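Enquirer: 3D, please:
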Amino acid sequence: QVQLVESGGGLVQAGGSLRLSCAASGRTLSSYAMGWFRQAPGKKREFAAALSRSGLSTYYVDSVKGRFTISRDNAKNTVYLQMNSLKPEDTAVYYCAGHRDYSSRYYVGESEYELWGQGTQVTVSS
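Expert: Predicted coordinates:
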């Protein structure tokens with residue numbers, strides 16, 4: 001059974017940076033396309049960033065383009081979300097997700113992912 005565990009969240013001032021990590025246990029993440037989603041207080045969970053199994057293709061929601069970078073280190077069985085120039089509206093619980101895949105695609109829909117972490121809180125103060 002694969003488990004995903006996020007870490008790296010916290011409180012940061014606007015304009016600051018955080019790097020979230022998503023570590024897997026139980027199976028290698030190299031067979032998975034990965035994504036990051038977030039859920040702000042009182043809102044539905046939304047897509048933030050996606051990464052193909054190969055790591056060669058990425059996709060971002062418009063609101064984070066140019067500020068967030070998703071990446072993977074298969075040797076460490078970990079996926080990252082580097083978040084720069086953070087804004088108060090980035091405040092949310094961030095979840096990593098995995099989809100067992102054999103293609104070069106990335107995925108943006110929640111329903112396309114079968115593995116989920118428990119989430120890590122990111123709070124950006126103004």
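Enquirer: and the closest residue to Glu112 other than its chain neighbours, bridged to which residues?
Expert: Excluding its sequence neighbours, the residue lying closest to Glu112 (C-beta to C-beta, 6 or more residues apart in numbering) is His99, at 5.5 Å. Every C-beta, even on glycine, is put in place using the N, C-alpha and C of the backbone. On the basis of DSSP bridges, His99 is bridged to Ala33.
Enquirer: what about His99, neighbour count?
Expert: Other residues near His99 come to 19 when the count uses other C-beta atoms under 10 Å.
Enquirer: Give me the pLDDT value at it.
Expert: In this prediction, His99 carries a pLDDT score of 96.
Enquirer: what do you get for Val2?
Expert: Model confidence at Val2, given as pLDDT, is 81.
Enquirer: could you list every residue that touches it?
Expert: Residues near Val2 by C-beta atoms under 8 Å, 6 or more residues apart in numbering: Ala24, Ser25, Gly26, Arg27, Gly98, Leu115.
Enquirer: Tell me how far the residue nearest to the spatial centre of the chain lies from Lys76.
Expert: Central residue check for the chain by C-alpha atoms, centre = their mean: the C-alpha nearest the mean position is that of Trp36, 2.5 Å away. Spatial separation of Trp36 from Lys76 under the definition C-beta to C-beta, to the nearest Å is 17 Å.
Enquirer: I'd say Ser126 and Val12 touch.
Expert: No - in this structure, Ser126 sits apart from Val12 without contact. The criterion is C-beta atoms under 8 Å, and the distance is 11.3 Å.
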